[in-house]
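Chemist: Need coordinates for the below:
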Amino acid sequence: MTKKQFCDSCQCDAVTVIVERPATYKFRGESFDINERVLQCSVCGEDLYDEDLDSETMQTLTKLYTEKVGLSLQDIKEIRKQYGLSMELFSRILGWSKSTIARYETGKFIPTSSHLIILKRLKDSPESIYEFFKQNLHKFNDKEIEKITKKLNFVDQNEVEKNLIETIQLNFKLHEKTIDTGYGVFNLEKLAHLILFFSEQGVPKTKLMKLLFYSDYLNFKDNLLSITGLPYVRLQYGPVPKDHELLLSTLEKIEFIEVSYEYSGEYEVNRITALQSFDESLFDEDELEVMMKVKEKFKDYGSKSISDYSHNEDAWTKTKEREIISYTHADNLLIK
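Modeler: Residues are numbered from 1 along each chain as shown. Okay, here's the model as predicted:
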């Protein structure tokens with residue numbers, strides 16, 4: 001079957017022919033050898049554009065590429081479904097846009113090389129989604145974190161717990177033995193039991209964050225070393241441990257604490273309650289003295305009053321939003 005088409009070289013409508021020939025294409029950073037079909041002028045042999053044949057070549061390259069990377073369109077569709085997550089939550093976990101996920105799942109766009117690597121990793125190792133969840137944790141509120149955590153419970157729990165703890169340890173290794181951590185090495189066990197100490201009868205999350213801060217910084221002031229080796233950051237409601245949501249969700253997952261939700265008037269309050277017994281043998285006498293001092297000082301404070309109190313600290317007034325709070329500010333703590 002022949003047809004006429006304008007040829008730029010001949011400057012006239014020429015009879016065309018379809019020619020099959022070997023060709024090498026660079027596609028998504030990979031080289032592919034294919035047999036392509038192209039439209040040519042029968043007079044001069046010039047290649048002419050044909051939408052159908054060009055689309056055919058792209059389909060061939062797409063097929064070969066997905067086969068090479070081991071991820072088909074159906075695989076891409078199934079990845080999100082295995083977690084039971086909405087497109088909105090899934091996209092935010094990965095740090096991509098919702099429209100990007102939609103384009104990939106409908107096949108309208110081929111994922112970029114970097115995105116394909118991530119999708120293939122999620123297909124082969126579903127539990128790896130926790131790493132992306134952790135990196136983008138700040139994008140979710142407490143209800144969303146609880147919902148996502150429940151959705152991801154299909155993954156082997158022992159493996160999840162191991163991965164979370166390893167992630168936490170690595171996350172704080174950068175700061176260990178520096179002024180950012182009060183010259184301490186992060187100790188998850190001591191942190192867990194410090195939280196148990198303050199939450200035996202239940203404690204609002206906002207208040208707990210301040211109790212941890214005052215315990216670590218007061219111990220540094222008195223004994224030149226923090227208790228937990230945690231870095232703290234400045235947020236709107238006062239100082240909090242870096243990545244505190246990840247820390248709490250991990251301790252909840254390994255059943256050290258329970259995180260519940262209560263309403264105080266029109267406000268929702270997160271409450272932390274201990275599920276295990278506090279082990280005082282993990283702490284020395286000086287640390288226990290500091291912990292008791294902090295507990296006694298703030299026993300009648302609510303979340304708002306202890307937050308307001310912390311806003312008067314140099315640690316808060318002399319640190320920018322979301323920056324790590326240097327333990328040098330412990331010298332001027334208001335609590336004695």
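
Chemist: So the chain: which segments form each domain?
Modeler: Annotated domains of the chain cover 4-69, 73-139, 156-332 [automatic domain parsing].

Chemist: Would you mind confirming that residue 318 makes contact with residue 332?
Modeler: No. With contacts defined as CB atoms under 8 Å, residue 318 does not count as touching residue 332, sitting 9.1 Å away. No exception for glycine: its C-beta is placed from N, CA and C like everyone else's.

Chemist: Quick one: the domains of the chain as JSON lines, columns for mean neighbour count and mean pLDDT too.
Modeler: Below are the domains of the chain laid out as JSON lines (neighbours: other CB atoms under 10 Å; pLDDT from 0 to 100):
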{"stretch": "domain 4-69", "mean neighbour count": "14", "mean pLDDT": "87"}
{"stretch": "domain 73-139", "mean neighbour count": "16", "mean pLDDT": "86"}
{"stretch": "domain 156-332", "mean neighbour count": "18", "mean pLDDT": "90"}
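
Chemist: what ranges do the helices span in the stretch 151-300 of the chain?
Modeler: 157-173, 188-199, 205-223, 244-253, 285-297 (DSSP state H, counting those that start in this stretch).

Chemist: Reformat those helices as JSON lines; add distance to residue 137.
Modeler: Formatted as JSON lines, those follow (distance: least, CB to CB, whole Å):
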{"stretch": "helix 157-173", "distance to residue 137": "11"}
{"stretch": "helix 188-199", "distance to residue 137": "17"}
{"stretch": "helix 205-223", "distance to residue 137": "15"}
{"stretch": "helix 244-253", "distance to residue 137": "5"}
{"stretch": "helix 285-297", "distance to residue 137": "27"}
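
Chemist: quick revisit: and the domains of the chain: which comes nearest residue 146?
Modeler: Among these, domain 156-332 comes nearest to residue 146, with 7.5 Å by CB to CB.

Chemist: how far does that closest one sit from the chain's center?
Modeler: Relative to the centre of its chain, domain 156-332 is centred 20 Å away, using CA atoms, centre = their mean, to the nearest Å.

Chemist: Kindly report the same for stretch 48-61.
Modeler: For stretch 48-61, the separation from the chain centroid amounts to 39 Å (computed by CA atoms, centre = their mean).

Chemist: Would you mind measuring from residue 126 to residue 78?
Modeler: Distance of residue 126 to residue 78, given as CB to CB, to the nearest Å: 11 Å.

Chemist: mind listing what residue 238 touches?
Modeler: 206, 209, 210, 213, 306, 307, 310, 311, 316 (CB atoms under 8 Å, 6 or more residues apart in numbering).

Chemist: Surely the fourth one is in contact with residue 240?
Modeler: Yes. Residue 213 sits in contact with residue 240 when judged by CB under 8 Å, with a separation of 7.2 Å.

Chemist: Now do the shared contacts for the two.
Modeler: With contacts taken as CB under 8 Å, 6+ apart, residue 213 and residue 240 have residue 232 as neighbours in common.

Chemist: returning to that earlier point: list just the one of the helices of the stretch 151-300 of the chain that sits closest to residue 3.
Modeler: Here helix 157-173 is closest among the helices of the stretch 151-300 of the chain (CB to CB), at 59.8 Å.
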